[in-house]
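1. Below are the sequence and a predicted model for it; my questions follow.
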Amino acid sequence: MAHHDASKDTFAKYLLWNAERFRDRPAMRFKDYGIWQSWSWAEQLEEVRAFALGLQKIGLKRGDKIAVIGSNRPRLYWTFAAAQSLGAVPVPVYADSVAEEMAYVLNHAEVTFAVVEDQEQVDKVLSISEEVPLLTEIVYDEERGLRDYDHTHLHAYDHLREEGFRRLAEEPEASANWLVEIDKGRGSDLSVMLYTSGTTGRPKGVMLSNDNFVRSAINGNAFDNLTENETIIAYLPLAWVGDHLFSYAQSYTAGFCVACPESPETVNEDRREIAPTYFFAPPRVFEAMLTAIMVRMEDAGKIKKGMFDYFLAHAAKVGERILNGEEVGLVDRLKYRLGEFMVYGPLKNRMGFSNMRVGYTAGEAIGPELFSFYRSLGLNLKQLYGQTEATVYITAQEDGKIRPDTVGLPSPEVEIRIAESGEVMYRSPGVFVGYYKNDEATRETKTEDGWVHTGDAGFFDTDGQLKIIDRAKDVGKLASGALFAPKYIENTLKFFPDIQEAVAFGHGREFCAAFINIDLQAVGNWAERNNIAYASYQELAGHPRVYETIAAHVNEANRRLAREPLMAASQIRRFLVLHKELDADDGELTRTQKVRRKFIAERYGELIEALYDGSSEKFVETQVTYEDGRKGIIRATVKIVDAEIHAVPAENVREAAE
Amino acid sequence: MNPRPDPNQLTAPDDGIARGGVLLDVKNVSLSFGGVKAITDISLDVLKGEIRAIIGPNGAGKTSMLNVINGFYTPQEGAIIFRGRERRSMKPHEAVGQGIARTFQNVALFKGMSTLDNIMAGRSVMMKRNIGWQMLWHGPALREEIEHREKVEEIIDFLEIQHIRRTPVGKLPYGLQKRVELGRALAMEPTLLLLDEPMAGMNLEEKEDMSRFIIDVNQQRGTTIALIEHDMGVVMDLSDRVVVLDYGKKIADGPPDEVKNNQDVIDAYLGVPH
């Protein structure tokens, strides 16, 4: 709490303070033209002020909502601070959302201004301008392709920035007035409005105050000892609460440097160059990284592959114990050192984790093997459980008290209780103000005394760590009455690199069955190595040999489920490999890549019936949406396969009987 | 601090021809290989700043036409006037020196070299230091290299190929290779850019991307473009003027809409017995 000062209750105030206390320390980096450009805190202040004065010139004022759309780049982060300094409320929007979704959010949030990255976003916003009558002024960063557009209400970021500098030079009171505006900001003011992607229904606008973000950020900094010496790479969507906390709120409160990648495609490369000390990723990012490495290792020479396998096996044996500070024999320690030199070090360097001090995964449950893999390399990877409505933190794992199957202890200043229904509830300084223009939803979620329903079912383990099973509303029962937790089953399946996504069914049914999506990278590579020709995703997915591989994975997953007393009943009896990738553009996944169960159940109703009626194949037609919004139809005959069921090991039966 | 350079910086060298003036004038050109007449008495012009398309069915003489403009073939008859200077024959490297760059129907890149090096190779014609200096790689040669690298980085940014900067070109999918080839041609900062079937073998998405880039090159950099294309739809959307060849003869010339409704063109594409 060394850097905490109660008078600093907004991010604009932090910006002014940081420009004093961290003057020449880097605040922001951005790779442009192949070179990392950087801005110190003093320079960042200059940039934010100039842009704020430019925005003021085109009419932005206190209380206005300003949409921010694009990928992670310094100017969009500066937009947050510039808008907040004037008392306006930024509303970051998922850059990849289709026009219709965007129109809903912009309209609902009543935004009057938008700051966007490039022509693509300008076009998208212009295409929905009729549905969003309040939105008048659009500012863009990249000029490319926009020169011939009508610039009556369209502004180049560069121009506003120059306008700001001109005002600073020519209007003597501009700067002082700006400071007055900053001074008017209060902790209780709205800081930002974030739309939840919503696994069900329309997105809701979560109103979060400056207090919410400042307090959560400071608590998080203290919990992980984050200081101005950290480096973080900003690559997750701006509209996601996690990015706003890690890449903005925590950077401003702790004073550390945020690095923005050159483009979304270069993130892996850029991360390697930056080597962040503080890193955050949803499990699928860790999964993709591991898959990429494993695929490449398949093509490696014999000696390399042998060495890799040998030392990874050793890491799996002792790595985590060494990281946890447990007792490990000298020989094993020495061998681990050697492994660090030969394999783990280079591997971490490859992934950009050489300097990682604190790493988090959240958003979804992470496969225990996946989690252990990274930890066994000596990476301090931890789990965190959070929500937009909580300004992220609900629970987090403390250094040294890490288990793969829990999400940790309550975060600082967070109270947690388990409702009668098994639902997890919390109360904290991060608890949101309310849903924008939706009092009914606010009342449903937040009690009068500030407790918030998470919608997740969970329980406290004996050591006080919280364990999440599934979404409370998704937990169901098989016809036999046995517990059915679809996400748990899906996660067991998704651990296999070949399986990208899975959807389990079973509520009210005789048995559990699943849809499986193959991972194109992993399976495609395997096909290449085995001389299996395919022309499309669909053909590969339906290939008999792919089915064989997936059947082996399902079999293994069943073996694992059989070991868990609660889950043994929901072993997968039948499965099919879907002919198309589940996609957010088709509404099958949320923008944060979570499965939208109900929607899938409706869309693929025929296939689900086929899973249960015993048929061995089913012809389906599926509508798909292409990237440019046009629609098409995919036709396929999907095979349905029976899987092997494992007996519950004897000791479990006894346990269950007791 | 503002690292963003002016996008106009890389426009083609000034040659005294105003936008809309005749940049290239091909007059009554005929080309034959032995007894085979590839091009018969064709005249066409390319105006500065436009996108000019040359289309026609297979074997119509499109690539031959491009090769004539490029200096790769020397026509038996006719004249070519480029930037006000008439010529009968010219070597391809002289064409480059005069500001003509091209891409090929089948990608012609150095497969083992990275994207960056391939585009850098496009700058080699402009490097002034001799090989001795370049081998020393110090002082003026290094400064020159840095200047060129900056231009190359601008092209990489322009074509959105940052993520493959270090990837050997042979490993890239076809659509990206085509983009790299365009990058290499742009690196020469041409006055006239010749594109030989830039969309050949591409899927719909790649075609749309490529169209976008071609329009951007034309609008942002003011580069005049002459392109050969098979895909009628793309051509009509992209070009300012279209010339249609069939069996080595010019059968139509004009704005896309006019050409589209021309009966000879329709016949040529649908196939009417000759």
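-> Arrived safely.

2. pLDDT value on the residue nearest to residue A:376 when sequence neighbours are not counted, please?
-> Closest residue to residue A:376 apart from its sequence neighbours, by CB to CB, 6 or more residues apart in numbering or on different chains: residue A:319 at 3.1 Å. The C-beta positions use only the backbone N, C-alpha and C, and glycine is treated the same way. Confidence at residue A:319, expressed as pLDDT, is 91.

3. Show the contacting residues for residue A:319.
-> Contacts of residue A:319 were listed using CB atoms under 8 Å, 6 or more residues apart in numbering or on different chains, and they are A:336, A:344, A:375, A:376, A:377, A:378.

4. Without its sequence neighbours, what residue ends up closest to the most centrally placed residue in chain A?
-> The structure's chain A has its C-alpha centroid closest to residue A:282; by CA atoms, centre = their mean the separation is 4.8 Å. Nearest residue to residue A:282, sequence neighbours excluded (CB to CB, 6+ apart): residue A:363, at 3.9 Å.

5. Show me where the stretch 51-200 of chain B has its helices.
-> B:62-70, B:92-97, B:115-123, B:131-136, B:140-158, B:174-187 (DSSP state H, counting those that start in this stretch).

6. Indicate which one of those helices is closest to residue B:270.
-> helix B:62-70 (18.2 Å; CB to CB).

7. before we move on, back to that, the residue nearest to residue A:376 and residue A:381, how far apart?
-> Noted for residue A:319: a distance of 12 Å to residue A:381, by CB to CB, to the nearest Å.

8. What residues does the residue in the stretch 201-350 of chain A positioned nearest to chain B make contact with?
-> Closest contact between the stretch 201-350 of chain A and chain B, by CB to the nearest CB, is at residue A:265 (3.6 Å). Neighbour list for residue A:265: B:162, B:163 [criterion: CB under 8 Å, 6+ apart].

9. For the stretch 101-250 of chain A, which residues are neighbours of chain B?
-> A:143, A:144, A:145, A:147, A:148, A:158, A:161 (CB under 8 Å from any CB of the partner chain).

10. May I ask which of these has the most neighbours?
-> residue A:161 (24 neighbours; other CB atoms under 10 Å in any protein chain shown).

11. By mean pLDDT, which helix or strand of the chain comes out lowest?
-> Answering for chain A, as no chain was given. Lowest mean confidence among the helices and strands of chain A (mean pLDDT, DSSP states H and E): helix A:650-657, at a mean of 46.

12. meant chain B, my bad for not saying
-> That would be, for chain B by mean pLDDT, DSSP H and E, helix B:131-136 at a mean of 70.

13. and the residue lying closest to residue B:22 once chain neighbours are set aside, how many neighbours?
-> Excluding the flanking residues, the one nearest residue B:22 by CB to CB, 6+ apart is residue B:45, at 5.2 Å. Residue B:45 has 16 neighbouring residues, counting by other CB under 10 Å.

14. who touches the helix or strand where residue A:573 lies?
-> Per DSSP states H and E, residue A:573 falls inside strand A:572-577. For strand A:572-577, the external contacting residues (CB under 8 Å, 6+ apart) are A:489, A:493, A:504, A:511-518, A:541-542, A:546-547, A:550-551, A:554, A:557-558, A:561, A:607, A:610-612, A:618, A:638-643, A:645.

15. Going through these, which ones are buried?
-> Listed as buried from the contacts of strand A:572-577 are A:489, A:493, A:504, A:511-518, A:541-542, A:546-547, A:550-551, A:554, A:557-558, A:561, A:607, A:610-612, A:618, A:638-641, A:643, A:645; burial here means 16 or more other CB atoms under 10 Å in any protein chain shown.

16. Tell me which of those residues fall in helices.
-> Mapping the buried ones among the contacts of strand A:572-577 onto helices (DSSP state H) picks out A:489, A:493, A:541, A:546-547, A:550-551, A:554, A:557-558, A:561, A:607, A:610-612.

17. for the residues you listed, which one is nearest residue A:533?
-> Scanning these for proximity to residue A:533, where the rule is CB to CB, the winner is residue A:546, at 12.5 Å.

18. ok, back up a step: next up, the contacts around the residue nearest to residue B:22.
-> By CB under 8 Å, 6+ apart, the contact set of residue B:45 is B:22, B:24, B:25, B:26.
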